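1. coordinates only, no sequence provided:
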């Protein structure tokens, strides 16, 4: 029963960590990446659809993203969605494909992106702590309901705290890694 609580907490924390890894992929680092467009959706026949589901996206070189829509009538919608997003790139098209020239990051923009990464990390750490709080409550309730002993409660609470520390540390490490990547000139 106690192991179930710990396993559920670990599973939830792992999901938060994986979600953070995915979010970090969309943070621009000065090199063109198809992941920069993750999270941008276009109005495709009345439905909000991710760009990668209406077009082929490629990076022929480190400073360019090329979007080739399967249906060229969606080009204006893709351009509108990119301009409305916060990636800060102006698209250009030749009627068949859209080109996104990725300019080098300015020092100011790099610092802003680092700030965003830290903010995202803090949100994930809050989620981790919330999971810890839920697990602690469950363990304390189990003790109160006499399902586990006082020793088991103490051991369970210690394990939950260690799990929390481990995942907060992993989030910090990912943040530091991304910060280095962003500040590298």
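-> Everything's here; your move. Remember, it's a predicted structure, so these values are computed and weren't measured experimentally. Numbering: from 1, shown residues only.
2. could you list the domains of the chain?
-> Residue ranges for the domains of the chain, per automatic domain parsing: 2-25+106-183, 34-101.
3. and the residue nearest to residue 89 when sequence neighbours are not counted, what helix or strand is that in?
-> Closest residue in space to residue 89, ignoring its immediate chain neighbours: residue 100 at 4.8 Å, by C-beta to C-beta, 6 or more residues apart in numbering. Where C-beta positions appear, they are placed from N, C-alpha and C, glycine not excepted. Under the criterion of DSSP states H and E, residue 100 resides in strand 98-101.
4. what distance do you get for the most centrally placed residue in the chain to residue 175?
-> When C-alpha atoms, centre = their mean is applied to the chain, the residue found nearest the centroid is residue 23 (1.5 Å). Counting by C-beta to C-beta, to the nearest Å, the gap from residue 23 to residue 175 is 11 Å.
5. any idea of the pLDDT on the residue of the chain most remote from its centre?
-> Farthest-out residue of the chain from its mean C-alpha position, per C-alpha atoms, centre = their mean: residue 146, at 40.4 Å. Confidence at residue 146, expressed as pLDDT, is 90.
6. where does it land in three-state SS?
-> Classification of residue 146 using DSSP: H, G, I helix; E, B strand; the rest coil returns coil.
7. ok, now residue 86?
-> Residue 86 ends up coil, using three-state DSSP.
8. let's have the chain start at 14 instead
-> Okay, residue one is now 14; in that scheme the one you just asked about reads as residue 99.
9. burial measure for it, as a count.
-> The tally of other residues near residue 99 (other C-beta atoms under 10 Å) stands at 8.
10. can you give me the pLDDT of it?
-> 73.
11. re earlier: and for the residue nearest to residue 102, the neighbour number?
-> Residues near residue 113, counting by other C-beta under 10 Å: 21.
12. one more: residue 169?
-> 24.
13. how close does the residue lying closest to it once chain neighbours are set aside sit to residue 79?
-> In space, and not counting its chain neighbours, residue 169 is closest to residue 152: 4.3 Å by C-beta to C-beta, 6+ apart. Residue 152 sits 53 Å away from residue 79, going by C-beta to C-beta.
14. and for residue 197?
-> In terms of C-beta to C-beta, residue 197 sits 25 Å off from residue 79.
15. of the two, who's got more company?
-> Shown here are residue 197 and residue 79; by other C-beta under 10 Å, residue 79 has more neighbours (17 against 9).
16. which residue ranges form the helices in the chain?
-> With DSSP state H as the definition, the chain shows helices at residue ranges 15-38, 88-97, 120-157, 163-196.
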